[in-house]
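S.K.: Need coordinates for the following:
(chains A and B)
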2 protein chains.
Amino acid sequence: MAHKFSALLVIVTVLTLSPLTAALWPLPQSLTIGSNVLVLSKNFNIQLSAHNAPKDLQDAITRTEYYLRHDNLGRLIVGRGSSDASAIHAAKHLTTLTVSFDSAAPATPRSISAESADDLESRKEAYTLSVPNDGSTAILKANSTLGLFRGLTTFSQLWYEYGGAIYTPEAPIQISDHPAYPYRGFMLDTARNYYPVSDIKRTLDAMSWVKINTFHWHAVDSQSFPLEVPGFMEISEKGAYAPTNVYTTADIADIVSYAGARGIDVVVEIDTPGHTAVIAESHPEHVACPGATPWSAYAHEPPAGQLRIASPATVKFATSLVTAVAKMFPSKFFSTGGDEINENCYTQDTETQQNLKASGQDIEQALSSFTQSTHGALKSMGKTPVVWEEMVLQHDVALSNNTVVMVWISSQNVGAVAQKGFRIIHAASDYFYLDCGMGGWVGDNPNGNSWCNPFKTWQKSYIFDPTAGVSDAQKSLVLGGQHLLWSEQSSPHNLDTAVWPRAASSAELFWSGPALEGTTAQGRNLTTALPRLHDLAFRMANRGMAPIALQPMWCALRPGACDVSA
Amino acid sequence: MAHKFSALLVIVTVLTLSPLTAALWPLPQSLTIGSNVLVLSKNFNIQLSAHNAPKDLQDAITRTEYYLRHDNLGRLIVGRGSSDASAIHAAKHLTTLTVSFDSAAPATPRSISAESADDLESRKEAYTLSVPNDGSTAILKANSTLGLFRGLTTFSQLWYEYGGAIYTPEAPIQISDHPAYPYRGFMLDTARNYYPVSDIKRTLDAMSWVKINTFHWHAVDSQSFPLEVPGFMEISEKGAYAPTNVYTTADIADIVSYAGARGIDVVVEIDTPGHTAVIAESHPEHVACPGATPWSAYAHEPPAGQLRIASPATVKFATSLVTAVAKMFPSKFFSTGGDEINENCYTQDTETQQNLKASGQDIEQALSSFTQSTHGALKSMGKTPVVWEEMVLQHDVALSNNTVVMVWISSQNVGAVAQKGFRIIHAASDYFYLDCGMGGWVGDNPNGNSWCNPFKTWQKSYIFDPTAGVSDAQKSLVLGGQHLLWSEQSSPHNLDTAVWPRAASSAELFWSGPALEGTTAQGRNLTTALPRLHDLAFRMANRGMAPIALQPMWCALRPGACDVSA
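M.R.: Modelled structure (predicted):
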């Protein structure tokens, strides 16, 4: 088997001039590596050469230095790096990484946090990194603070540990890097089950390690409303699972700040008008069919309940709520949801029927008016609305052209959304849903199965084609994509194992570009990706995460040996 | 919804005279409860009324008192028990539980540990428990130490917490209990990935909470050999993943002792002759086709490698190894495995072919001789061999009648094993495999799926029929069954979430008896089991485990509301 894999490596080398053994994830757009060992000096430090450097960049440097000293990632080969021992002994030492803005950068740098909330089109994440072989200074440059942060993240992944030495076996290293897609996200549902702030922060850290730049926070849903909203305190007071299961305004500010300092924009979602049953706890007047049974006649899952879109008072309420929530988030984006609206809930609701009669509207017209009100408020705040696909594919809702559409029901629907000219975020259940395959959770069904069975492996999403079904002219509509964790059967207990390292698969897909046969400069494919993904997962574990085991340790230590054809 | 569920409860009450709201798991054979609140006194204590009480029983009492004070499980209803507040205020207080042997018990009690290693037929786990309503002493009695331990476990599950009060809303309580099946197990594979001793101990604790009485330890396999065996130190020295990934003889004694004190017998498995590739690291002379490629031609999963069953030296080696391992475990049972033997590995192995020629045996005859040698050694030590189903269904191996057979490939095979007259342990992949549905792990397959997809839900195993396909005369051959965690894609990171609370499903199945329609005295079914299973999972979480969320918290707080038909 060792022989077989060596042969494979040779082929890759011939194709790309850079063997893919570096533990980098996502793989940079351009990477040249050597084959010399370079050791990190005991007094190695990172020098920031910039005037007025923002605090969050300085903090990122401190964190990077900590990771360099504490990752202690042994190489994932038999012997864990013992074969490098003599080369380590003889190797040059690197004492300095210099971090500086290049000449195209503005004179007064902005913070990582500020740049992370820029519009996607203007968000700058490119950087260059050079690690020489001779012990002279390594150099990281970018024309943005965010770019420098991405480069620091890459630098921290270059190193292994053996016998107390921190080293790379692949010096010199030249990297020039930028993302293939501007949007690389991860979605967490904190409504079906609650996650403490510490869990969210730990997840944000891991997201930043793989250059994910958006936390899509599906904060509330029919089951609970954990978000404390100024002016609407009663909703979380009555709608959170417990007083301790509330994200206070201080918690929210903390999460936004923590994310921003890690290059992550927080796009919050207040799903409307469906998925709002819990609002009936505090505002029964605004909710149609709350808790109606049998729930399956009124909703996709229990409990039933939707905002009364035809009620002028409810439209006003929803618009004010969206406005109040939007004020807490600096992001240019805000999701109003819009999935799984149940018509029967409105048909059976006397008040909705009276409202429709009074206004002369039908349900679809009322939905359009409702949406125009909430979206109008967002636009007046300079924000771009994000919606689930039904809002453009199943309903007759007037949406502004710049609305961003998340495709979730099926990746097959991407073409239809593109046809309508909307920008697209890939979030399809058939590739990116992390909760699929966990069995049915609706209680008493002996043969219940996950609706989106089977389990979505990292391999499945890794070779996803982001522009399948999209014409050349429409390709620019694809902003990127994300993995998603819905929480009907998830909680803090399985957060890490459900998400990591699988969510890293889409992080590389949308940063490095798709890994379709013959399309990548680096010859990326499942075979070459797996050893790097093991490296990432083991590094995550050493940083305190609990990623799931992708394979037996035996396989992790023998790249390629557990492939299908090995 | 509330109305609907109340109606259901009334029906259950009529059928059984005891509503199933007590947080007991597994449900006792006989349970009568009242509807009064009884509070645990601040100075409550458990009095052991016995001469020469064994140390591990005293320790179990101390642990029970700790759980009573620290579980702090709020009722899983809206308000978490706030509706009990006034009744708690007015309630009687229980100050004492008296624990004593009944008159049928031996004069000198043995330890829990000793009784846990008794033969299955003579293992005594019955107990009676009475918790009066008037504040007078509660009484636990049994004719065995192990029975008292089971009763203490039940007693600790009777209590909820609200506002600092520890109470039951269902006094008085009368319980008479014993297991339906003598074998209730859980299997963990510590070879594909390694689990520290602390993880195993935590698992043993949780097993004891649901009265599982056997830890089937699949200790070693082709990928690694973490078991330190006196006289065979070189196997773990060269075959463990790392020096820190070894269960030393002290660790093994610690695990056996910890398990025994919790009523759990440790049945170790040394899988032979297949699944032994790792032995080639230290004893290449005993292994055919080690690391042969393509692996799929030589083994069910990488790496290939099987003991040379036709080699007299290897037969002697395997017999000595089994003997040395068996000496470390007090159990009356020992598994020699015997699954997934690959014929091609032997056909292609020159040495095996020469050995066969020399002895005049064919492969099946050699396998029979090999097995008779290892089993003969076990029998001479007073131990009963346990094997996987292939040994009786796919091979022509001479086995003694008392051999215990684990059915794993399919529950459909139980009848065929019974037909041959062997005792049976249910361990079938179609009901009890906890790793199913996690996607394919063989590396580079984009459409790889779990071979035993889909995920096996708790519901699936809960309504399993242990005697399906078995004649009335053969029913006594069914010893019980177990859930199993194979570790190709599991590790300490997902141990708790993969196992709990799902493994509790078979724990109740085999303790309380099957929950087939119309067969249980208590009217047990999926609908009535789910609230208790939530209670169990939340109690486990409060005791430091990380069970997976079965449903949104909204559902956990509203029994029945998230059933299919709710």
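S.K.: show me what contacts A:G360?
M.R.: Contact partners of A:G360, counting by C-beta atoms under 8 Å, 6 or more residues apart in numbering or on different chains, are absent. The way it works is simple: take the backbone N, C-alpha and C, and place the C-beta from them, glycine included.
S.K.: and it, what pLDDT?
M.R.: At A:G360, the model reports a pLDDT of 98.
S.K.: Same check on A:E508?
M.R.: 98.
S.K.: pretty sure it contacts A:L27?
M.R.: Yes - counting by C-beta atoms under 8 Å, A:E508 does reach A:L27; the two are 6.4 Å apart.
S.K.: if I look at the two, which residues touch both of them?
M.R.: A:R524.
S.K.: Helix or strand: which one has the residue nearest to A:G338 when sequence neighbours are not counted?
M.R.: Closest residue to A:G338 apart from its sequence neighbours, by C-beta to C-beta, 6 or more residues apart in numbering or on different chains: A:M391 at 4.0 Å. Assessed by DSSP states H and E, A:M391 sits inside helix A:390-393.
S.K.: taking the mean pLDDT, what do you get for that helix?
M.R.: Helix A:390-393 shows an average pLDDT of 98 in the prediction.
S.K.: dump the residue contacts of the residue nearest to A:G338.
M.R.: A:338, A:371, A:397, A:399, A:403, A:405.
S.K.: Could you check how far it is from A:R423?
M.R.: 13 Å (C-beta to C-beta, to the nearest Å).
S.K.: Overlap of the contact sets of those two?
M.R.: Residues touching both A:M391 and A:R423 (C-beta under 8 Å, 6+ apart) are A:403, A:405.
S.K.: For A:S130, what are phi and psi?
M.R.: Torsion angles at A:S130 (phi, psi; degrees, to the nearest 10) stand at phi -130, psi 120.
S.K.: one step back: helices - which of the contacts of A:M391 land there?
M.R.: A:T371 (DSSP state H).
S.K.: show me the contacts for A:N447.
M.R.: A:N447 neighbours (C-beta under 8 Å, 6+ apart): A:440, B:460.
S.K.: Go again with 10 Å.
M.R.: Residues near A:N447 by C-beta atoms under 10 Å, 6 or more residues apart in numbering or on different chains: A:439-440, B:454, B:457, B:459-460, B:463.
S.K.: repeat for A:G415
M.R.: Residues near A:G415 by C-beta under 10 Å, 6+ apart: A:407, A:424, A:467-471, A:474.
S.K.: Quickly find the element holding it.
M.R.: Going by DSSP H and E, A:G415 is part of helix A:414-419.
S.K.: Quick check: buried residues in that helix?
M.R.: Buried positions in helix A:414-419, judged by neighbour count with 16 or more other C-beta atoms under 10 Å in any protein chain shown: A:414-415, A:417-418.
S.K.: If you count neighbours, what's buried in stretch A:179-187?
M.R.: A:179-187.
S.K.: Then stretch A:241-255?
M.R.: So, applying 16+ other C-beta under 10 Å, buried residues of stretch A:241-255: A:241, A:245-247, A:251-252, A:255.
S.K.: of all the contacts of A:N447, which comes closest to B:V564?
M.R.: A:G440 (8.5 Å; C-beta to C-beta).
S.K.: Relative to A:W451, how far out is the closest one?
M.R.: 8 Å.
S.K.: again, but for A:V499
M.R.: On the measure of C-beta to C-beta, A:V499 and A:W451 end up 20 Å apart.
S.K.: which of these two has more neighbours?
M.R.: Set A:V499 next to A:W451 and count neighbours by other C-beta atoms under 10 Å in any protein chain shown: A:V499 wins out with 24 against 14.
S.K.: Could you list everything the residue nearest to A:K383 when sequence neighbours are not counted pairs with in the sheet?
M.R.: Among residues not flanking A:K383 along the chain, A:F334 sits closest, at 4.9 Å (C-beta to C-beta, 6+ apart). On the basis of DSSP bridges, A:F334 is bridged to A:P385.
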